[in-house]
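J.: fold the following, please.
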Amino acid sequence: MATYDNLPVYKVCYDLILLIFASGRHMQRDYRFTLGETMKKELVMLMANIYRANCRYRKKELISQARENLEIVRLLLRLSMELKQVPLKTFATANEKIENISRQLAAWEKSCKE
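T.: Modelled structure (predicted):
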């Protein structure tokens, strides 16, 4: 078992969290404490589920939960961009990271034989 911080999916997820936390400072107050905080909580849960999945024998359920967290983040990020709270460049960068994480989680889930 690889340590969780060496997992490629964990590294990309960590980069995404840094990006979202940095862009949260520029959100309007109303959105910062609703959209921004919800997005941050979902990202933290995503990382926690990746860590838990790496530590357990039965990974499929946790990976599925991580994929759900990621889809919620994707929805909130898109909403933030449409409400003009996140610049297009940040949105594009975050979306690339989300796609990368999604592909890795899908492959990881597929490789699990439960």
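J.: out of the helices and strands in this structure, which is least certain?
T.: Sorted by mean pLDDT, DSSP states H and E, the helices and strands of the chain end with helix 29-31, the least confident at a mean of 91.
J.: flag every buried residue along that one.
T.: For helix 29-31, a neighbour-count test (16 or more other CB atoms under 10 Å) marks residue 31 as buried. Glycine gets a C-beta too; all of them are placed from N, C-alpha and C.
J.: for the chain, give me the ranges with low pLDDT.
T.: 1-5, 113-114 (pLDDT under 70).
J.: and if we set it to 80?
T.: 1-6, 113-114 (pLDDT under 80).
J.: all strands for it, in order.
T.: Taking DSSP state E as the criterion, the chain contains no strands.
J.: give me every residue that touches the closest residue to residue 74 other than its chain neighbours.
T.: In space, and not counting its chain neighbours, residue 74 is closest to residue 98: 5.3 Å by CB to CB, 6 or more residues apart in numbering. When contacts are counted by CB atoms under 8 Å, 6 or more residues apart in numbering, residue 98 touches 16, 70, 73-74, 77.
J.: quick revisit: and the least confident helix or strand of the chain, how far out from the chain's middle?
T.: With CA atoms, centre = their mean, to the nearest Å as the basis, helix 29-31 stands 21 Å off its chain's centre.
J.: residue 85 is in contact with residue 27, correct?
T.: Yes: Residue 27 lies in contact with residue 85 (CB atoms under 8 Å); the separation is 4.5 Å.
J.: list residues touching both of those two?
T.: Shared contacts of residue 27 and residue 85 (CB under 8 Å, 6+ apart): 35-36.
J.: picking that back up, with neighbour count and distance to residue 38 as added columns, please give the contacts of residue 98 in CSV.
T.: Converted to CSV, the contacts of residue 98 look like this (neighbours: other CB atoms under 10 Å; distance: CB to CB, whole Å):
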residue, neighbour count, distance to residue 38
16, 24, 15
70, 23, 14
73, 26, 9
74, 18, 13
77, 23, 11
